[in-house]
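# Sequence first, then the predicted structure:
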Amino acid sequence: MKSPNISTIVIAAIFAIIAFFVFSSITATPVVIAVFVFVSIFVALIVNIGSDNPQASSPTDHPTADIKTLYVGNLPYRANETTVRELFSTYGSVESVRLMKDKHTGKRRGFGFVEMSADGIDKAIESLNDAEFKERTLKVREAKERPERSDTSE
């Protein structure tokens, strides 16, 4: 189950405040107030389903068959997700950008992954592989599938 996003929480809180003032002015039992608050959470979820929130989108909005992942190596350390997204968006729709960081220092490691539409992936590889970007020569290729990790330690 997904955790609620901030707009759902805000809507539920507004309903809870309304419930408090409405039911405090009349003599209502705490059970009635609690039921109203729980109903308000469900109303907030229903209201939020129709929003354009990315968390509320269904997996069928972007079929994974049309999305491919590119490995991007030799990135400048000062490059951020926004600049890499802008660079690749000229070749197709960019779904996500993940620049890898060292887990101990938090500094960028000089490579990352770009998920983009399959129709632009070949043009992006052709145009950006061995291309100069902020004084670095990029290495761009289709990412290999990551092998499944086993949770057992020997």
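Perfect, I can see it now. These numbers were taken from a predicted model, which means no experiment stands behind them.
# need the contact list for R85.
Taking CB atoms under 8 Å, 6 or more residues apart in numbering, we find R85 in contact with V94, V97, V114. All C-beta spots, glycine's among them, are computed from the backbone N, C-alpha and C.
# what kind of secondary structure is it in?
helix (DSSP: H, G, I helix; E, B strand; the rest coil).
# Could you measure from it over to K103?
23 Å (CB to CB, to the nearest Å).
# Now pLDDT too, for the contacts of R85, in CSV please.
Shown next, in CSV, are those (pLDDT from 0 to 100):
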residue, pLDDT
V94, 93
V97, 94
V114, 95
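# Where does the prediction get shaky in the protein?
1-5, 7-8, 19, 23-30, 32-33, 36-37, 40-65, 149-154 (pLDDT under 70).
# which residues are in contact with the longest strand seen in the chain?
Longest strand in the chain, counting residues (DSSP state E): strand 108-117. Residues outside strand 108-117 that contact it (CB under 8 Å, 6+ apart): 66-77, 79, 84-85, 88, 91-102, 124, 143.
# ok, of those, which come out buried?
67-70, 72, 75, 79, 84, 88, 91-92, 94-95, 97, 99, 124 (16 or more other CB atoms under 10 Å).
# For R98, which non-adjacent residue is closest in space?
Once flanking residues are discounted, R98 sits nearest to F113: 4.9 Å by CB to CB, 6 or more residues apart in numbering.
# beta partners of the one you found?
Listed beta-bridge partners, F113: Y71, R98 (assigned using DSSP bridges).
# Give me the distance between it and I11.
35 Å.
# Look at those two and report which has more neighbours.
The neighbour comparison of F113 against I11 (other CB atoms under 10 Å) goes to I11, with 19 against 15.
# in which helix or strand would I find that one?
Taking DSSP states H and E as the definition, I11 sits inside helix 6-25.
# Can you identify each of the strands in the chain by residue range?
Using DSSP E, strands in the chain cover 67-73, 94-101, 108-117, 132-133, 136-137, 139-142.
# Now tabulate those in CSV and tack on distance to I17.
Formatted as CSV, the strands of the chain follow (distance: least, CB to CB, whole Å):
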stretch, distance to I17
strand 67-73, 41
strand 94-101, 36
strand 108-117, 40
strand 132-133, 51
strand 136-137, 53
strand 139-142, 52
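# which one of those lies closest to F38?
strand 94-101 (35.1 Å; CB to CB).
# what's the angle from that closest one to strand 67-73?
Interaxial angle of strand 94-101 relative to strand 67-73 (axes from the mean of the first three to the mean of the last three CA atoms, to 10 degrees): 30 degrees.
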